[in-house]
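Asks: Show me how the following folds:
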Amino acid sequence: MTILREKGVVSLPAWNSSEHVSLTIAIPTYNRSDSLCKLLQSVLGQVSDCDEVIVLDDGSSDGTYQKIRDIPGIRISRVETNQGMVANWNRCLQSASRDWICMLHDDDELRPGGIEGLRSACSLVREPALVLHQYRGSKFDGALRFTVSRSCGWSVLNCPTIPSGAVVHRSIIEAVGMFDPRFKYTADLEYFARVAARFPVVVIESPRIITFTLHDTNYEFSTWRKADFLAQYEASQRAIVRHAGLTEDASTEKLIEDRIRRDLLYILDHAARLDDKALVRKIASEFGRYRTGLSFKQKVVIYLAARTGIRCRFTPGGLFRNTPGPTTQIER
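Replies: Below you'll find the predicted structure:
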């Protein structure tokens, strides 16, 4: 039973299924042996005998291979020279032997029941799909709740953007290919949009699948610091609207600018939470033409951030300095 609708999404109730989905859990890793070992411990405690767990080591120099090579129940694939994130993600897809392939990032925490939640969503949708998870506004409990959207422009533009914990069916890879190395910072955004244009997207709302850790060595933080990040990001947003089938006109251009402005505000917020003043200045100074549409208060905050490296907030009592938190676990 699959319920799909051309626009928007429809909630599906959970029901028991005798069909058992076999998963490949593929973990790309680079120089994070400690967090990788913790993740493997939780993964091995949740997988079944029909699953496989593979680790794709992208030329780590911290002894990753030596630490995990004797752990039973995993298969290791290692390259001597670092190939980069996108190449390693594609190795994950190429190395998998099961039809449903899930990538987990080596610095994330797999929640109890996370694998079973992914497996159930794959089983219940009953056809090749992209399975993702999104936590905005979600209330977690013991129930399995998810939505399914048919391939359409709405699905492309509203596809969640969390690569860790995403599951893709092998037939989708055969149809649309793998991650595009031209989008070296945002390959996941472009890929999910490309898939959503042709296949159903399943979004798990409960249970919680993964908890993310916000720290200054997050890969996305390093990409935000790159001089060409904004140009790359804009290119990926233009690719996304093309996948959505939108024509190039003034309304499409406004949509692109609105999406980039929203995401720059997101980046600015998280850079401030880590008290990374250099990154706060960089992002604030890059708003440029994306200032159009900002409120007066937002413009003041960005002006101050570009000059001080401090993101402030307005309250009824006035303007105050944002106090960043310590390294923390976050929801996206």
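
Asks: pLDDT score assigned to the nearest residue to Thr292 once chain neighbours are set aside?
Replies: Of all residues not flanking Thr292 in the chain, Glu257 sits nearest, at 7.1 Å (CB to CB, 6 or more residues apart in numbering). The way it works is simple: take the backbone N, C-alpha and C, and place the C-beta from them, glycine included. With respect to pLDDT, Glu257 scores 96.

Asks: Check which residues of stretch 71-90 are buried.
Replies: Ile74, Ile76, Ser77, Gln83, Met85, Val86, Ala87, Asn88, Trp89, Asn90 (16 or more other CB atoms under 10 Å).

Asks: Looks like the residue nearest to Thr292 contacts Gly293 (just checking).
Replies: Yes - with contact defined as CB atoms under 8 Å, Glu257 and Gly293 form a contacting pair (7.3 Å).

Asks: So what's the residue count around Leu189?
Replies: 19 (other CB atoms under 10 Å).

Asks: no wait, Met103
Replies: 22.

Asks: ok, now Cys102?
Replies: The burial count for Cys102: 26, using other CB under 10 Å.

Asks: try Ala143
Replies: Ala143 has 11 neighbours, counted by other CB under 10 Å.

Asks: Find the residue closest to it in space, skipping its chain neighbours.
Replies: Among residues not flanking Ala143 along the chain, Ser206 sits closest, at 5.8 Å (CB to CB, 6+ apart).

Asks: so what's the backbone phi/psi at the one you found?
Replies: phi -160, psi 140 (degrees, to the nearest 10).

Asks: any idea how far it lies from Val125?
Replies: 16 Å (CB to CB, to the nearest Å).

Asks: Which stretches in this protein count as helices?
Replies: Secondary structure of the chain (DSSP state H): helices located at 33-44, 64-68, 85-95, 114-125, 153-157, 170-176, 187-196, 219-224, 229-243, 250-273, 277-285, 296-308.

Asks: The nearest residue to Asn218 once chain neighbours are set aside - how many residues pack around it?
Replies: In space, and not counting its chain neighbours, Asn218 is closest to Asp107: 7.4 Å by CB to CB, 6+ apart. Neighbour count of Asp107, defined by other CB under 10 Å: 19.

Asks: for Ser97, same thing?
Replies: Neighbours of Ser97 (other CB under 10 Å): 11.

Asks: Which residues are in contact with it?
Replies: The contact partners of Ser97, taken as CB atoms under 8 Å, 6 or more residues apart in numbering, are Thr24, Glu52.

Asks: between the helices of the chain, which one is nearest to Val53?
Replies: With respect to Val53, and counting by CB to CB, the nearest of these is helix 33-44 at 5.8 Å.

Asks: Report the buried residues of the closest one.
Replies: Buried residues in helix 33-44, counted by 16+ other CB under 10 Å: Ser33, Ser35, Leu36, Lys38, Leu39, Leu40, Ser42, Val43.

Asks: Which of the buried residues of stretch 71-90 sits closest to Gly59?
Replies: Nearest to Gly59 among the buried residues of stretch 71-90, with distances taken as CB to CB, is Gln83, at 7.1 Å.

Asks: quick one: the residue nearest to the closest one when sequence neighbours are not counted and Asp180, what's the gap?
Replies: Here the nearest residue to Gln83 in space, its sequence neighbours aside, is Asp58; by CB to CB, 6+ apart that works out to 5.7 Å. Per CB to CB, Asp58 is found 18 Å from Asp180.

Asks: neighbour count winner among the two?
Replies: A count of neighbours by other CB under 10 Å puts Asp58 above the other of Asp58 and Asp180, at 22 against 16.
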